[in-house]
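In: whatever this is, show me its structure:
(2 chains)
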2 protein chains.
Amino acid sequence: MVKPGDSLSDLVLRALPANHITLQNGDVLVLAQKVVSKSEGRLVNLAHITPSQRAKDLAVVSGKDARFIELVLQESREVLRVRPGTIIVEHHNGFVCANAGIDHSNVRGEHGQPEDWVLLLPEDGNISACHIRNELELASNTRLGVLVIDSHGRAWRNGTVGISIGMSGMPGLVDLRGRPDLFGFHLQVTQVGAADELAAAASLVMGQASEGLPVVHVRGFPYPLREGELSELIRARDLDMFR
Amino acid sequence: MVKPGDSLSDLVLRALPANHITLQNGDVLVLAQKVVSKSEGRLVNLAHITPSQRAKDLAVVSGKDARFIELVLQESREVLRVRPGTIIVEHHNGFVCANAGIDHSNVRGEHGQPEDWVLLLPEDGNISACHIRNELELASNTRLGVLVIDSHGRAWRNGTVGISIGMSGMPGLVDLRGRPDLFGFHLQVTQVGAADELAAAASLVMGQASEGLPVVHVRGFPYPLREGELSELIRARDLDMFR
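Out: Numbers count the residues shown, from 1 in each chain, chains lettered A, B, ... in the order given. Presented below is the predicted three-dimensional model:
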């Protein structure tokens, strides 16, 4: 149970020996957004939110709680779609997702009763990843990558998949353009969303139903580590065919 | 180098002992679309294609070869977007993707010269997976899952990721709705695109640059196997917010 102010790097460093893991150069730590957000105090009690008129209007269209919509608006640059049960936005961090990534969260009030709390995404997932990476690298004297992931829906497919919402020390995209294939031809489709593929793989290992496995240790990520960031994975506005 | 008519299950069964693998109940074999398509003779020489007027028109808008566009149209139910460099369609198998999944392929002509060949997706990825699964299960006396994957782009993110284009004996979606979380709340976001998460994971292992690793053996897929199919993962037309 991660609490606001908890150091995730401390928690990871303490969990590693119990799992017989010694960090090595090139390892990647994948963290579930939920624990990152909790450690950063991103829990909000809906009882303290007063919705704007716009939030009330969008609440009617979407059928969602106006206080919840108010937070979605505060976390977003732009609303892209509103339909019954769904609101799709561009988050302040640049990516497109439903509900600005806000989840109802596993929390209880002081008297043990469930309350109407929600959990916002980290303010900036790259910065979250960078802090954790710095602390882990310092403690282990290794060169690491850190990835923060969430589960998002897709435009034209059912089901959520793990995707990247922040990273440090690893590539978002891997560019294979111009690399000759087995016959000396040059590849066409060639920018691989490597961090998102790793996010999906880690999500599969984490599962969805609990906080039981919020960190995945990856050895053998098949591409070289480098300084990378989330923006690589975000399609430029004028190339985004959804808009 | 897989050739038309090659039995992929034979190739897999021969490769397993060399990799010290004995198939067990619950294992999943993930196959790259490229080798499935080749084994099914889905290579087409563009020199033999005569484009329709519509293909010629769309070729002008997209800046692509009209013969290539003709094949894209033949493989599709509907064209969703055409812009310079891009054509997005609904494939006959129901999913939305660029170019109907058609790739320029690694082939040479009889005289060793590269030729203008392209590789179409399998006619029906579920059926491809089903055939391969039946043969592998019969030979190994196990209960398996088989997944056929390709690398596709996303609406609002850069980079391709591995996704499912056919499956047999495994779930596409895993429904966690109504499952209580750690505090007894009921989960909201709860349909996981488990087969697509596995597709992305396998794609990461396969890499992109060659046919060097066209099959990935998976042990420990975290959800129960069942009869599943691709259609689970395809968003219903009226819920697809891209259209």
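In: which residues of chain A fall in helices?
Out: A:8-18, A:33-39, A:53-62, A:66-74, A:125-140, A:194-206 (DSSP state H).
In: out of these, nearest to B:P122?
Out: Proximity to B:P122 (Cβ to Cβ) singles out helix A:194-206 among the helices of chain A, at 21.8 Å. In this view, the C-beta of every residue, glycine as well, is placed from N, C-alpha and C.
In: orientation of that closest one relative to helix B:194-206 in degrees?
Out: Relative orientation of helix A:194-206 with respect to helix B:194-206: 130 degrees, computed using axes from the mean of the first three to the mean of the last three Cα atoms, to 10 degrees.
In: give the buried residues for helix A:194-206.
Out: A:194-206 (16 or more other Cβ atoms under 10 Å in any protein chain shown).
In: can you put these in TSV and add pLDDT and distance to B:E229?
Out: Formatted as TSV, the entries for the buried residues of helix A:194-206 read as follows, by pLDDT from 0 to 100; distance: Cβ to Cβ, whole Å:
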residue	pLDDT	distance to B:E229
A:A194	97	28
A:A195	98	29
A:D196	98	24
A:E197	98	23
A:L198	98	27
A:A199	98	25
A:A200	98	20
A:A201	97	23
A:A202	97	26
A:S203	95	22
A:L204	94	19
A:V205	92	24
A:M206	91	25
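In: hang on, the earlier thing: and the helices of chain A as JSON lines, adding distance to B:H131?
Out: Supplementary listing: those in JSON lines, determined by distance: least, Cβ to Cβ, whole Å:
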{"stretch": "helix A:8-18", "distance to B:H131": "44"}
{"stretch": "helix A:33-39", "distance to B:H131": "40"}
{"stretch": "helix A:53-62", "distance to B:H131": "44"}
{"stretch": "helix A:66-74", "distance to B:H131": "46"}
{"stretch": "helix A:125-140", "distance to B:H131": "43"}
{"stretch": "helix A:194-206", "distance to B:H131": "26"}
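In: right, and these - which one's nearest chain B?
Out: With distances scored as Cβ to the nearest Cβ, the stretch of these nearest to chain B is helix A:194-206 (3.4 Å).
In: elements contacting that closest one?
Out: Using 3 or more Cβ pairs under 8 Å, 6 or more residues apart in numbering or on different chains; DSSP states H and E, the elements in contact with helix A:194-206 are strand A:28-32, strand A:145-152, strand A:161-168, strand A:215-218, strand B:161-168, helix B:194-206.
In: and those as TSV, adding distance to B:I49?
Out: Written out in TSV, the entries for the helices and strands packed on helix A:194-206 read as follows (distance: least, Cβ to Cβ, whole Å):
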stretch	distance to B:I49
strand A:28-32	44
strand A:145-152	38
strand A:161-168	35
strand A:215-218	44
strand B:161-168	23
helix B:194-206	29
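In: to A:K64, which of those lies closest?
Out: If we rank those by Cβ to Cβ, the stretch that ends up nearest is strand A:145-152, at 17.3 Å.
In: and the closest one, what does it pack against?
Out: With contacts taken as 3+ Cβ pairs under 8 Å, 6+ apart, strand A:145-152 sits against strand A:28-32, helix A:33-39, strand A:96-98, helix A:125-140, strand A:161-168, helix A:194-206.
In: give the pairing partners of it; include direction for each.
Out: When pairing is defined by DSSP bridges, strand A:145-152 lines up against strand A:28-32 (parallel), strand A:161-168 (antiparallel).
In: follow-up on the earlier one: in TSV, list the helices and strands packed on strand A:145-152 along with distance to B:I149.
Out: Formatted as TSV, the helices and strands packed on strand A:145-152 follow (distance: least, Cβ to Cβ, whole Å):
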stretch	distance to B:I149
strand A:28-32	21
helix A:33-39	26
strand A:96-98	24
helix A:125-140	27
strand A:161-168	13
helix A:194-206	11
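In: hey, which of the helices of chain A is tucked in deepest?
Out: Among the helices of chain A, the stretch with the highest mean neighbour count (mean count of other Cβ atoms under 10 Å in any protein chain shown) is helix A:194-206, at a mean of 28.
In: then that helix to PDB, C-alphas only?
Out: Included here for helix A:194-206 are C-alpha records, laid out as PDB according to Å, rounded to 0.1, in the frame of the first residue of the first chain:
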ATOM      1  CA  ALA A 194       9.500   0.000 -28.300                       C
ATOM      2  CA  ALA A 195       8.600   1.500 -25.000                       C
ATOM      3  CA  ASP A 196       4.900   0.900 -25.600                       C
ATOM      4  CA  GLU A 197       5.700  -2.700 -26.500                       C
ATOM      5  CA  LEU A 198       7.500  -3.100 -23.300                       C
ATOM      6  CA  ALA A 199       4.600  -1.400 -21.500                       C
ATOM      7  CA  ALA A 200       2.200  -3.900 -22.900                       C
ATOM      8  CA  ALA A 201       4.500  -6.800 -21.900                       C
ATOM      9  CA  ALA A 202       4.900  -5.500 -18.400                       C
ATOM     10  CA  SER A 203       1.100  -4.900 -18.100                       C
ATOM     11  CA  LEU A 204       0.500  -8.500 -19.000                       C
ATOM     12  CA  VAL A 205       2.800  -9.600 -16.100                       C
ATOM     13  CA  MET A 206       1.300  -7.100 -13.700                       C
END
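In: test my guess that A:V205 contacts B:P222.
Out: Yes: taking contact to mean Cβ atoms under 8 Å, the distance of 7.1 Å between A:V205 and B:P222 places them in contact.
In: show me the beta-bridge partners of A:V174.
Out: Counting by DSSP bridges, the residues bridging with A:V174 are A:V192.
In: what number of residues lie near it?
Out: Residues near A:V174, counting by other Cβ atoms under 10 Å in any protein chain shown, number 23.
In: ok, it to A:A201 distance?
Out: Plainly put, A:V174 is 15 Å away from A:A201 if you go by Cβ to Cβ, to the nearest Å.
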